[in-house]
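Novice: turn this into a model:
(chains A, B and C)
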Amino acid sequence: MLDHIWVIPLVTFVSFWLIIAVGKRLPRGGSEIGVAALGLALVLSTVAAVQWVDQEKVPSHEPAATADAGHGAEAEAGHGAEAESEAGHGAEAEAGAEAGHGAEAEAHPAIRESVEHNYQWWSSSSFTVMVGTHVDGVTVALLFVVSLISFLVHIFSTNYMEGDKRFTHYFAFLSLFTTGMYVLVVSSTTLQMLFGWELMGLCSFALIGHWWEEKANTDAALKAFLTTRTGDVGLLVGITILFWIAGTFNIAEINEKALAGDLPQTALLVAAIALFAAVIGKSAQFPLHTWLPDAMAGPTPVSALIHAATMVVAGVYLVIRLYGVFWEAFDIGAGGVNLIAATGGFTILMAAALAFVQRDIKKVLAYSTISQLGYMVMALGVGAWTAALFHLFTHAFFKALLFLGSGSVSHAVHSFDMKKDMGGLRSHMPVTFWTFIIGSLALAGFFPFAGFWSKDEILLGAGSNGYEFFLVVGLVGAFMTTMYMTRCVYLTFFGEYRGHGHPHESPAPITVPLVVLSVFSVLVGLINSPWLFGGEWFGHTVENEVFELAGVPVHEFSPAYALVSTAVVVVAFAIGYVLWFRQKLPSGVTERSSIARAGYALLANKYYLDVLYTDIIVGNLKRGVAAGAYWFNRVVLDGIVNGVGTTARVVGDGVYRFVDRGLIDGAVNGSGITADASGGALRRLQTGRVQQYGIMLFLSAALLALGLVIFTS
Amino acid sequence: MLVNQFLLLGAALFCIGVYGVLARRNGVLVLMSIELILNSVNINLIALAGLHGNTAAVTGQVFALFVITVAAAEVGVGLAIVLLIYRNRRSVSLDDIDLMKG
Amino acid sequence: MQTLDDWALTAGVFLPVAGVILMLFVPREREAVHKMVALVTSLATMAVGVFIATRFDYDDGNLQFVVDRSWIPVINSRYLVGIDGISLPLLLLSMFITVLVIVYSWDHFPSPVNPKAFLMLILVLEVGMNGTFVAQDLILFFVFFELVLLPMYFMIGVWGGENRQYASIKFFLFTLFGSALMILGFLALYFLGGETFSIPRLIESASGAISHDTQLWIFAGLFMGFAIKVPMFPFHTWLPDAHTEAPTQGSVILAAILLKLGTYGFVRIAIPVLPDAAVTFAPWIGLLAVIGIIYGALCCLAQTDMKRLIAFSSVAHMGFVMLAIATLTELGINAAVFGMVAHGLITGMLFFVAGSIKDRLHTLQISRLGGLLVTAPRMMWIFGFCSMASLGLPGLAGFWGEFPAILAAYSPAVELSTPLFRGYMVVAALGTVLAAGYLLWLYQRAAFGAPRDEELATHMTDMGRTEYLAWAPILLLILVLGVFPSLLFGVTNDAARAVVAAIPG
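Specialist: Next up, the predicted model:
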C-alpha cells in the first residue's frame, strides 16, 4: 500500500466523476457512491497506517540508502522512461552531526524510512518536473484522519442534507475535496502540493456557496476563495524561488539542501516568508483569517470537514512538510521570537477574544478553530514540530465533533443563534449534549482528553526551546478557550429553551458519527502519552527525515507543565461557571464604561478588519482603482486613438476644402471649362457620318505624309 | 524582280478601296472596299518579302496570313452590324446612320 | 510519402480556398449546402493537420515539411513554408477552432443571416491564419498576416453589434498602422540583412550584418506591428471594442487565434532574427506586459458588459504570455506557447458561452443577468469551469500558461536584469489574485442568486445540440492539457530552444 498510495486519491477522484455522471439517477442521489468511496479510502488509509507502523525502523546513525542514489535515479528519469526512485532521503549519516541545533536536543530515536516514488511529468532540456508520492509518518497520520473524518461527515450528510436540491453536487464536491486533500498529503513535490491546495480551494468555494441563491453565501464563498488566493501569491512565489535555488520541486531534496546550508540565506528567507503568506491565507492566521468565520455560510458538515478538520490545516501541513526551509530561514532552533511563532501566538489570543462575543454557535467554533490553528502555527514557530502535528491530529477529531454537534443542534432548532433559539437542549438531545461536552472538554484541554496531551506538548516545546513568552501566550489562550467554551455550552444546552417548537434528538446517521468522534476525542490523546504504548508512540511513528535532519529537540513529558496547564483550565472553567451558570455576569458594563464599550465594539466588529478589506481595499479596488484604470482606458488611451482619428478627419476635411476643392479642383475645373468651350467648337465637325471622318482621316494622313516627304528629303 | 509592278498594283487597289470607302453610301460596299485596302496591303507585304529574298524567313507571308484571318473576322462582324442596322432601319445607307453626331 | 509531405502544408493552408470557390457557385438560398461544404472543408483541413501531426518528428527542433519554391523572383521572395514545434500547436489550434466555430455556426448565424458570405469569410480567415503559422518568408508571412484582417473587418462591420462601424474601423486602422511599421521593418531586414526575405536565412545572417542601432530601429518597427496584434498595453484599445461588437464566432476566432499572430510573430521573427535588439527591448516588453496584467485586470473589475470584461481579461492573459517571452529563456518561450494555446482554448470558450447567452437574452449587461445557474445550469457550469481554468487553477490548461511564466521570470536570460524580472514576477503573481477576483465576481453576479430580470429569465434556455458538439472538445482539451502538460511542452521544447539559441543564458 505504501508503494501505491496514489490509489487513495484515485478512489475519491473516480467517485467524483461517478457521482457527477450517474449520481442523479441513483436512489440515494449519489451519496452511496461517496460513502462507499470514502469507506474504501478509509480502509486503504488504515492499511497504509498499519503497514507504516510495521515497517522496520532505521537506526539514525546507519545510512540505509544513501540519498544520492535516490536522487541519481531521479535525474536519470529525465532521460525518458518511468524511472522510479526509492529514496531514503534524509537517512544520512550527517544527520547525527546536524542534530546539534537545539541546546537541549537529545539523541534521536530511530525513524522509519520514507517511501517515495517519482515519475516524470514533463521535461525540457534544462530541467525535469516530476510527480510522485511521498509516504512517511506524517502522510499516513493525515491520510487516516482525513479519511475517517471525511467518511463520518459523509454519513452525517446523508441525513443532514437530505432533501437538498443539490444533494448530488454536494456529494460530488465532497469527494473532489477529499481528493484534493489526499493529493496534498501524498505529494512529493511542491508543485503537486499546489494542485491539491488549489483543488481544495475550489471545492471550498463551491461548498461554501452551496446555497448560492442567497447573496450572503456567495459573498462568503468569494471572500474565502479570494482571501486564500491572496495568500497563494506567496505560494507561487515561494515555490518558484525554492525551485530556482534548490533546482528541484522535490520536497525532500529541498529540505535536505536547506538544512545542509546549501541555499542562499536571503533567498531562503524570502521564500519562507512568501510560503508563510500562503499559510496565513489557508490556515486563517491573522491578518487573513477573516474568511473563515464567513465560510460558516456553507452547510455545517462542510464546515466540520473543510473549515475545521482538514483544509484549514493545509497551511500547517505545508510548514510541517517544508520544515527544513522554515527551520533554516527563521532559525527556529535559536529561540526568541520569529514571524511564525508571533503570528500564531497573536492569532490565538485575537481569535479567542472574538469567540466571546459571538451569538452564532458556528462562529464561536470558527474563531475557536482559528485560535487552535494559531496554536499549531505557534508550535511550529517554537520548534515543537511533533506537538504541532499531534495537535493537528487531535484537533481534527474534537473540532469535527463540535461542528457536527452544532449541526445536530441546528438540525433540531433550525437556527445557529445561541441566544435566540437555543438553551436547555441538554434534556432534549442527550446524545448531542454529551458528545458536545466531550468535544468541549477535549478542546479546553482537560486531562485526559485529546486536547490536553497535544496542547501540553506545545506548551512544553515553547517553554523548553527558549520561547518562554509564547508559553505564557499559550496558557492565556488555554484560559480563554475554556471560558468561551463554557459560555457556548451554557448558552446552548443549559437554561431555558428559547426557540420554537419541540426539538428532538437527531437520527442515527447524525448521532453515530458524533459518538465515534467523541470516542476518538477521548482516547486519541493517549497514543502520545508517556506511559502507554512504549511512551510517546505517536511522536515516534511520525517523526521523519526532516525532523531528524533539522535536529528538532525532543522533550520528556514534564508533570510541571501538565499541572500548570490543568490548573489554568480548571480556574478558567470555575470563573466561567460563576459568570454564566451562576449568572454572575456583570451586566451593564458596556453601558457604564466607555473603555468596555469601545472594546466590545472592537470585538463585535472583528477589529474592523472586514471593513478594511471589504470596504476599503476591495471597495476601492473595484470602484476607485478599477474605475480609474478604466477611465484611463476610455479617456486617455481611447482619447488618443480617437483624437488621432478625429485629427486625421479634420486635416482631411481641410485638405479637401482648401487644397482639393480650391487648388486642384480649380485647375481641374479650369481645364474643364476650356475643354467645354473647345468641345463646343469642335462638335460641328462631329457630323456622325463615318465617311466624313474617313475623309478627314485621309486628308490628315496625306498632309502628314507630305510633311514627312518634305522634311526628310 | 517585278517588284514595281506589284507595288503599283497594290497602290491602285488601295486607291480604289479608299475611293470606295469615302464615296459609296452603301454600307456593304464600304465593307468590300475595306477588303480591297487590306488586300492591297497584303500584296505589298508579300512583294516586299519576296524582294527581301530571304526565303527561310517567311515573315511577310505570315503577316499576310494574319491579315487575311483578321479581315475575315472583321468582315463577319461588319456584315453582322450592317445586317442589324438594316433590320432596324430598313436601310443600309451610311448617311442615315449619324448616331455619333456630337 | 515524400510527395504527400511536400504538399501537406500547402494543402493545410489552401484547402479552405477550394471550399470558398465551391461555395461561390452555389446560390445563396441553399444554406444547407453551404454549411455542409464549409464543414467538410474545415474537417478536411483538420485532417491534413492531423496527418502533419502524425508525420511530425517531435525530436527535431528544425523546420519540417519545408517547401521552397520560387515565387516573386524580382525581390527574391520565395514560397517558403515549414513548421516547427512552435508553429505546429498553433496551426492545429487554428484548424481545430475553425471546425468548432463552423459547427457552432450551424444554428447560430448572426443577423443579417447570410450563411454563404459568413462561412466563406471564416474559411478565408482560416487561410490567413494557417498561412501565417507556416510561412517562413517575410513577404509570405506579411501577405497572410494581412489576409486575416479583411474577413475580420467585414465580420465585425457587417454582423457586429450596434457600434460596429466604429469598432471595425478602429480594428482595421489600428492593425494596419502596426502592419505599416512592420513591413518597413521587413524591408529594412531585406536590404540590410542580405537581400533575402527567408526567415531561416535572416536568422543566420541578419544580426551579424546589421549594426546594433539599426537593429533597434528595425525591432521597434516589428514590435509595433506585433504588439498591436497581441495586443499589449497601451496598444490594446481596439480589442475590447472589436470583441464587444464582433459576432460570437468573430470573438472566438479573434481571441483564440488572431491574438496569437502577434505573440507568434515575436517568437518566430523578432527574437530569433534580432536577438541583440530583443535583449535591449526585453525589460520594456516585460514592463508593458506586467502593466497589462494588472491594468487589464483592473479594467475588468470596472466593466458592466460581460463580453467586454472577457475582452479585457485577454489583455491580462496575453500579458503573461508576453512576460514569458520577455524572459528570453527556453522555459519562457515554452510557457508562452503553452499560454497562447491555453488562452486560445479558454478565452475562446468564454466567448462562446457569452455569445450563447447574448443569443438568448440579447444583452450581456451584467446588472441584468443573475441567476443564470437557475435557468441554464449546464451552460453556467461550463462557464464556471472555464472561469476556473482562466484564473489558473492547477489541473487545467490555464495554470501551465501562468505558472511557468512566473517561474521563468525569476530567472531571465543572463543579460537581463534579474532583480527587475523578479519584481515583474511578484506583480504577475499578484495579477492571479485579481484574475480570480474579476472572474468570480462576474460569476457571482451572472450565475448566482435569483434572476434579476424576470422577463429576461423566460428567454433563457440551456444548451443546444451544436453547443454541446462545439464545446465538448475544447473543454476536454483544457482538462487534458492541464493534467498532461507534457503533451504540449514536449512539442514546443526543441523549437523553443532554437528561438533563444542566439541569446546567452
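
Novice: secondary structure element for residue 48?
Specialist: No chain was given, so I picked chain A. helix A:31-54 (DSSP states H and E).

Novice: oops, chain B please
Specialist: Using DSSP H and E, B:L48 falls in helix B:27-52.

Novice: please apply the same query to C:A167.
Specialist: Element membership for C:A167 (DSSP H and E) is helix C:164-192.

Novice: which parts of that helix are buried?
Specialist: By 16 or more other CB atoms under 10 Å in any protein chain shown, the buried positions in helix C:164-192 come out as C:164, C:167-175, C:177-179, C:181-190, C:192. Using the backbone N, CA and C atoms, a C-beta is placed for each residue, glycine as well.

Novice: and the contacts of stretch A:571-580?
Specialist: A:444, A:478-483, A:485-487, A:490-491, A:584-585 (CB atoms under 8 Å, 6 or more residues apart in numbering or on different chains).

Novice: at 10 Å instead, please
Specialist: A:440-441, A:444-446, A:475-476, A:478-491, A:494-495, A:584-586 (CB atoms under 10 Å, 6 or more residues apart in numbering or on different chains).

Novice: what about burial for those residues, which qualify?
Specialist: For these, a burial check counting by 16+ other CB under 10 Å picks out A:440-441, A:444-446, A:475-476, A:478-491, A:495.

Novice: show the average pLDDT along stretch C:293-313.
Specialist: The average pLDDT within stretch C:293-313 is 86.

Novice: kindly export stretch C:401-414 (C-alpha atoms) in PDB.
Specialist: Taking Å, rounded to 0.1, in the frame of the first residue of the first chain, the C-alpha atoms of stretch C:401-414 are listed here in PDB:
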ATOM      1  CA  GLY C 401       0.400  29.300 -19.200                       C
ATOM      2  CA  GLU C 402       0.700  31.300 -16.000                       C
ATOM      3  CA  PHE C 403       2.900  29.400 -13.600                       C
ATOM      4  CA  PRO C 404       5.800  28.600 -15.900                       C
ATOM      5  CA  ALA C 405       5.700  32.300 -16.900                       C
ATOM      6  CA  ILE C 406       6.100  33.300 -13.300                       C
ATOM      7  CA  LEU C 407       8.800  30.600 -12.900                       C
ATOM      8  CA  ALA C 408      10.600  31.800 -16.000                       C
ATOM      9  CA  ALA C 409      10.500  35.400 -14.800                       C
ATOM     10  CA  TYR C 410      12.500  34.600 -11.700                       C
ATOM     11  CA  SER C 411      15.500  33.600 -13.800                       C
ATOM     12  CA  PRO C 412      15.600  35.500 -17.100                       C
ATOM     13  CA  ALA C 413      18.300  35.400 -19.700                       C
ATOM     14  CA  VAL C 414      21.700  36.300 -18.200                       C
END
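
Novice: the longest helix in chain B is where?
Specialist: Longest helix of chain B, by residue count under DSSP state H: helix B:59-89.

Novice: mind giving me the packing neighbours of that one?
Specialist: Counting contacts by 3 or more CB pairs under 10 Å, 6 or more residues apart in numbering or on different chains; DSSP states H and E, helix B:59-89 packs against helix B:27-52.

Novice: A:I616 against A:R623, yeah?
Specialist: No. In this structure, A:I616 is not within contact of A:R623 by CB atoms under 10 Å, at 11.0 Å.

Novice: how about low-confidence regions in the chain?
Specialist: Just going to use chain A. A:57-110, A:125, A:584-592, A:660-661 (pLDDT under 70).

Novice: not quite, go with chain C.
Specialist: For chain C, the ranges with pLDDT under 70 are C:1, C:505.

Novice: show me the strands in it, by range?
Specialist: C:64-72, C:77-83 (DSSP state E).

Novice: what residues of the longest one count as buried?
Specialist: By neighbour count, and taking 16+ other CB under 10 Å as the criterion, the buried residues in strand C:64-72 are C:Q64, C:F65, C:V66, C:V67.

Novice: okay, now the sheet partners of it, with direction.
Specialist: The strands beside strand C:64-72 in its sheet (DSSP bridges) come out as strand C:77-83 (antiparallel).

Novice: quick one, the partner strand and helix C:164-192 angle?
Specialist: Here strand C:77-83 points in a direction 110 degrees away from that of helix C:164-192 (axes from the mean of the first three to the mean of the last three CA atoms, to 10 degrees).

Novice: now strand C:77-83 - C-alpha only, PDB.
Specialist: Extracted in PDB, the C-alpha atoms of strand C:77-83 (Å, rounded to 0.1, in the frame of the first residue of the first chain):
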ATOM      1  CA  SER C  77      10.800  36.400 -52.200                       C
ATOM      2  CA  ARG C  78      10.100  32.700 -52.200                       C
ATOM      3  CA  TYR C  79       7.200  30.400 -51.400                       C
ATOM      4  CA  LEU C  80       9.000  29.100 -48.300                       C
ATOM      5  CA  VAL C  81       6.800  27.200 -45.800                       C
ATOM      6  CA  GLY C  82       7.700  24.900 -43.000                       C
ATOM      7  CA  ILE C  83       6.700  24.200 -39.400                       C
END
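
Novice: from the chain's centre, how far out does that strand sit?
Specialist: Distance of strand C:77-83 from its chain centroid, counting by CA atoms, centre = their mean, to the nearest Å, is 22 Å.

Novice: for stretch C:326-346, list the C-alpha coordinates in CSV.
Specialist: In CSV, the C-alpha atoms belonging to stretch C:326-346 read as follows (Å, rounded to 0.1, in the frame of the first residue of the first chain):
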residue,chain,number,x,y,z
ALA,C,326,10.4,38.8,-22.5
THR,C,327,12.4,36.5,-20.3
LEU,C,328,14.1,35.3,-23.4
THR,C,329,14.7,31.8,-22.0
GLU,C,330,13.7,28.4,-23.2
LEU,C,331,11.3,28.0,-20.4
GLY,C,332,9.8,31.3,-21.1
ILE,C,333,9.2,30.5,-24.8
ASN,C,334,7.7,27.2,-23.8
ALA,C,335,5.5,28.9,-21.3
ALA,C,336,4.5,31.5,-23.8
VAL,C,337,3.4,28.9,-26.4
PHE,C,338,1.5,27.0,-23.8
GLY,C,339,-0.1,30.2,-22.7
MET,C,340,-1.1,31.0,-26.2
VAL,C,341,-2.8,27.7,-26.7
ALA,C,342,-4.4,27.7,-23.3
HIS,C,343,-5.6,31.2,-23.7
GLY,C,344,-7.0,30.4,-27.1
LEU,C,345,-9.0,27.5,-25.8
ILE,C,346,-10.2,29.1,-22.5
